[in-house]
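Colleague: Quick one: sequence and predicted model below, then my questions.
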Number of protein chains: 2
Amino acid sequence: MAATGGAGRPEKRQAITRAATTVFGREGYVRASMDAIAAEAGVSKRTVYNHFADKETLFLTVALENSAELTGKIRELMRTYLERVVDLRQDLIDFAVDRARAVLSAGDHGALGRAIRAEVANIPADVLAAWLDAGPVASLRDLAERFAVLADRGLLVVEDPGLAAEQYTLLTFHGVAERSFWGAVPVPDEEVARIAAVGVDAFLKIYRAPAAG
Amino acid sequence: MAATGGAGRPEKRQAITRAATTVFGREGYVRASMDAIAAEAGVSKRTVYNHFADKETLFLTVALENSAELTGKIRELMRTYLERVVDLRQDLIDFAVDRARAVLSAGDHGALGRAIRAEVANIPADVLAAWLDAGPVASLRDLAERFAVLADRGLLVVEDPGLAAEQYTLLTFHGVAERSFWGAVPVPDEEVARIAAVGVDAFLKIYRAPAAG
DNA sequence: GTCTATACAGGGATAGAC
DNA sequence: GTCTATCCCTGTATAGAC
């Protein structure tokens, strides 16, 4: 259960976590084998077990690291698109498109999220809570803060920023996530852009300030 | 691949499909064993293989049957709540709550949908398309028809009924689905009701006819 | 003739020993 | 870094029972 701390060379550890991300993302937890991960990392299987107690520990470790990394990437996208807003609608659309790409791009971070969702019944509750808190919930909090600022500037009318963040995410992101099965099936770029646009239009019907019409 | 047609007694076949629904839903495709399914059905493993060529055939068969059954159940809910609408907001909320319960109730139909989503990378494209068409997409079509009728009655202003159906589903259902990981983690009834209410309120801000205010 | 019960062959996995 | 003990699963085969 507990991560096997700092044994071994750090560069080997990183090679293993990178490989585990790839293999778990591609195969899912059950299908992935420790042999395949060792081979992908270019290390001996013994080295893998030297760094991580067992398969479950390795999976949960990379899941958490991955979740935090993806949250950081999305935070950067928010800084890019929602810090200095000039064209509200267009910036909200651009953010939605880039976020969908970041989360759902094949072979990347999203694949591991798919594996987590598939294994959720077999994950200890506290680990699942930690994953949520480092990932989706953290992004929701970040987005709520952005919306609160936009409301202060008079661009949006927002009573509950957390709710607005959730509904923005539902309208602009979850349709794509569902259609692509969280990145397992590719969705054309134009379709992502279309969904983002109609999603933002719906969102603005709920939350746009009348003055900013 | 092709379902092994009508060999054997029909009541045995039904026991097997019921057991397969339970076990696949609880364990997922990879973890579920044919032994466990045979035991759950109270039949010999040989009998399972007498009705279904292999594990994959059994899984895809019950997935499709299940999908169609759930679509029918949701269609009934629509008839109950969206046929004779008197209080639009309340009827939309009640439908959302009952649909969430029907799809996400633990141990029921939702579990198999979770298994499908987990295995989507290993499912043939045509079978996946058939599953979508008998399940989520069919419900979306049904709901779009209902919204078109409500628009004709002047209760909603809907340009694109399909889009309205999708956004209603996102706002009132996908938040619960995501939070419960498609039924794997229980969500309290009050939370489902709260999400349905705020989702419907947002939906009505987009689509409610001004006259019906 | 279909079902039950059981056993078994073949492959692959984990986890750890050498 | 290889090698192996042990276990589990799929799918088949071999018995007899209703």
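Modeller: Happy to help now that I have it. All figures in this text were calculated on a predicted structure; none of them were measured in a lab. Residues are numbered from 1 along each chain as shown, chains lettered A, B, ... in the order given.
Colleague: Pull up the residues of chain A that are close to DNA strand D.
Modeller: Residues of chain A lying close to DNA strand D (C-beta under 7 Å from any atom of the strand) are A:Val43, A:Ser44, A:Lys45, A:Arg46, A:Thr47. C-betas here are computed from N, CA, C, even on glycine.
Colleague: contacting residues around the second one?
Modeller: Residues in contact with A:Ser44 (C-beta atoms under 8 Å, 6 or more residues apart in numbering or on different chains) are A:Ala38.
Colleague: picking up where we left off before, could you pick out the buried ones from the residues of chain A next to DNA strand D?
Modeller: Among the residues of chain A next to DNA strand D, those scoring as buried are A:Val43, A:Thr47 (criterion: 16 or more other C-beta atoms under 10 Å in any protein chain shown).
Colleague: I'd like the residues of chain A next to DNA strand D as TSV, with distance to B:Leu155, secondary structure and pLDDT appended.
Modeller: Shown next, in TSV, are the residues of chain A next to DNA strand D (distance: C-beta to C-beta, whole Å; DSSP: H, G, I helix; E, B strand; the rest coil; pLDDT from 0 to 100):
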residue	distance to B:Leu155	secondary structure	pLDDT
A:Val43	64	coil	90
A:Ser44	67	coil	88
A:Lys45	64	helix	90
A:Arg46	68	helix	87
A:Thr47	65	helix	90
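Colleague: Just give me the closest of the residues of chain A next to DNA strand D to A:Arg146.
Modeller: A:Val43 (41.4 Å; C-beta to C-beta).
Colleague: Looks like that closest one contacts A:Ile16 (just checking).
Modeller: Yes. Using C-beta atoms under 8 Å, A:Val43 is in contact with A:Ile16, at 6.5 Å.
Colleague: okay, and for chain A, where does confidence drop off?
Modeller: Applying pLDDT under 70 to chain A flags residues A:1-9, A:106-108, A:211-213.
Colleague: how about the strands in it?
Modeller: Secondary structure of chain A (DSSP state E): no strands located.
Colleague: So which residues on chain A come close to chain B?
Modeller: When proximity is defined by C-beta under 8 Å from any C-beta of the partner chain, chain A lies next to chain B at A:28, A:30-31, A:114, A:117-121, A:128, A:163, A:166-167, A:170-171, A:174-175, A:178, A:181-182, A:184-185, A:198-199, A:202, A:205-206.
Colleague: Please spell out the PyMOL selection for the buried subset of those residues.
Modeller: Here is the PyMOL command that selects only those of the residues of chain A next to chain B that count as buried (16+ other C-beta under 10 Å):
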select buried, chain A and resi 28+30+31+114+117+118+119+120+121+128+163+166+167+170+171+174+175+178+181+182+184+198+199+202+206
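Colleague: From DNA strand D, how far out is A:Arg79?
Modeller: Look at A:Arg79 and DNA strand D: by C-beta to the nearest atom of the strand, to the nearest Å, they are 42 Å apart.
Colleague: what does A:Gly162 give?
Modeller: Distance from A:Gly162 to DNA strand D, by C-beta to the nearest atom of the strand: 43 Å.
Colleague: The residue of chain A found nearest chain B and DNA strand D, how far apart?
Modeller: Closest to chain B within chain A is A:Ala118: 3.4 Å, counting by C-beta to the nearest C-beta. Look at A:Ala118 and DNA strand D: by C-beta to the nearest atom of the strand, they are 17 Å apart.
Colleague: Helices along chain A, start to end?
Modeller: A:10-31, A:34-41, A:45-51, A:55-82, A:88-104, A:109-119, A:125-134, A:136-152, A:161-169, A:175-179, A:189-207 (DSSP state H).
Colleague: Now do the same contact list for the nearest residue to A:Ala193 once chain neighbours are set aside.
Modeller: Nearest non-adjacent residue to A:Ala193, counting by C-beta to C-beta, 6 or more residues apart in numbering or on different chains: A:Val97, 5.7 Å away. Contacts for A:Val97 (C-beta under 8 Å, 6+ apart) come out as A:Val192, A:Ala193, A:Ala196.
Colleague: May I see these arranged in JSON lines, with neighbour count as well?
Modeller: Output for those, formatted as JSON lines (neighbours: other C-beta atoms under 10 Å in any protein chain shown):
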{"residue": "A:Val192", "neighbour count": "22"}
{"residue": "A:Ala193", "neighbour count": "15"}
{"residue": "A:Ala196", "neighbour count": "24"}
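Colleague: could you dump those residues to TSV with distance to B:Thr71?
Modeller: Output for those, formatted as TSV (distance: C-beta to C-beta, whole Å):
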residue	distance to B:Thr71
A:Val192	27
A:Ala193	30
A:Ala196	28
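Colleague: Return the member of those nearest to B:His109.
Modeller: A:Val192 (29.6 Å).
Colleague: If you count neighbours, what's buried in stretch A:134-141?
Modeller: Along stretch A:134-141, these residues count as buried under the neighbour rule (16+ other C-beta under 10 Å): A:Ala134, A:Gly135, A:Pro136, A:Ala138, A:Ser139, A:Leu140.
Colleague: Repeat that for stretch A:78-97.
Modeller: A:Met78, A:Tyr81, A:Leu82, A:Val85, A:Leu88, A:Asp91, A:Leu92, A:Ile93, A:Asp94, A:Phe95, A:Ala96, A:Val97.
Colleague: Now do A:Glu166 against A:Leu140, distance only.
Modeller: 6 Å (C-beta to C-beta, to the nearest Å).
Colleague: Which residues of chain A lie near DNA strand C?
Modeller: So chain A meets DNA strand C at A:Ala32, A:Ser33, A:Met34, A:Asp35, A:Lys45, A:Arg46, A:Tyr49, A:Asp54, A:Lys55 (C-beta under 7 Å from any atom of the strand).
Colleague: Make a PyMOL selection of the buried ones in the residues you listed.
Modeller: Per 16+ other C-beta under 10 Å, the buried members of these correspond to this PyMOL selection:
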select buried, chain A and resi 32+34+49+55
